[in-house]
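In: generate a structure from the sequence data that follows.
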Amino acid sequence: MIARNETIEPLLWTVRETLSATRLSESKLYRETKEGRLPAVRIGRRKMYDPVDVRKWIQAAKTS
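Out: A predicted model of the protein is given here:
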């Protein structure tokens with residue numbers, strides 16, 4: 001049971017939430033998705049992003 005003041009972290013982010021979290025431009029986000037580097041989940045007409053996948057994508061993009 002969840003306490004009233006406890007919040008649940010979303011399992012998927014909307015495009016807007018993903019853009020806010022990553023500070024990417026919308027065109028960059030869609031390009032990374034289209035080219036298969038950043039997985040998306042399609043629910044109806046909406047694209048949603050798994051925060052775990054977004055974090056993995058960021059880790060893979062890091063340079064030393």
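In: number of residues surrounding the closest residue to residue 13 other than its chain neighbours?
Out: Leaving aside its sequence neighbours, residue 13 sits nearest to residue 49 (CB to CB, 6 or more residues apart in numbering; 4.7 Å). The way it works is simple: take the backbone N, C-alpha and C, and place the C-beta from them, glycine included. Number of residues near residue 49 (other CB atoms under 10 Å) recorded here: 23.
In: wait, residue 49 touches residue 18, no?
Out: Yes - in this structure, residue 49 sits in contact with residue 18. The criterion is CB atoms under 8 Å, and the distance is 4.4 Å.
In: which pLDDT value goes with the residue most central in space within the chain?
Out: Against the mean C-alpha coordinate of the chain, by CA atoms, centre = their mean, the closest residue is residue 49 at 3.5 Å. What the model reports as pLDDT for residue 49 is 98.
In: do the same with residue 5
Out: Spelled out, the predicted local distance difference test score at residue 5 is 71.
In: check contacts around the residue nearest to residue 13.
Out: Applying CB atoms under 8 Å, 6 or more residues apart in numbering, one finds that residue 49 lies in contact with 12, 13, 14, 15, 17, 18, 38, 39, 40, 41.
In: what about residue 27, distance to residue 35?
Out: Shown here: residue 27 relative to residue 35, a distance of 12 Å by CB to CB, to the nearest Å.
In: list the ones among the contacts of residue 49 that fall in helices.
Out: 15, 17, 18 (DSSP state H).
In: of the residues you listed - the most surrounded one?
Out: Neighbour counts for the ones in helices among the contacts of residue 49, by other CB under 10 Å, peak at residue 18, which reaches 23 neighbours.
In: ok, residue 62 to residue 56 distance?
Out: 11 Å.
In: who's more crowded, these two?
Out: Neighbours around residue 62 and residue 56, counted as other CB under 10 Å, are more numerous at residue 56. The numbers are 13 against 6.
In: could you verify that that one is part of a helix?
Out: Yes - the assignment for residue 56, made by DSSP: H, G, I helix; E, B strand; the rest coil, places it in a helix.
In: just the pLDDT for it.
Out: With respect to pLDDT, residue 56 has a value of 96.
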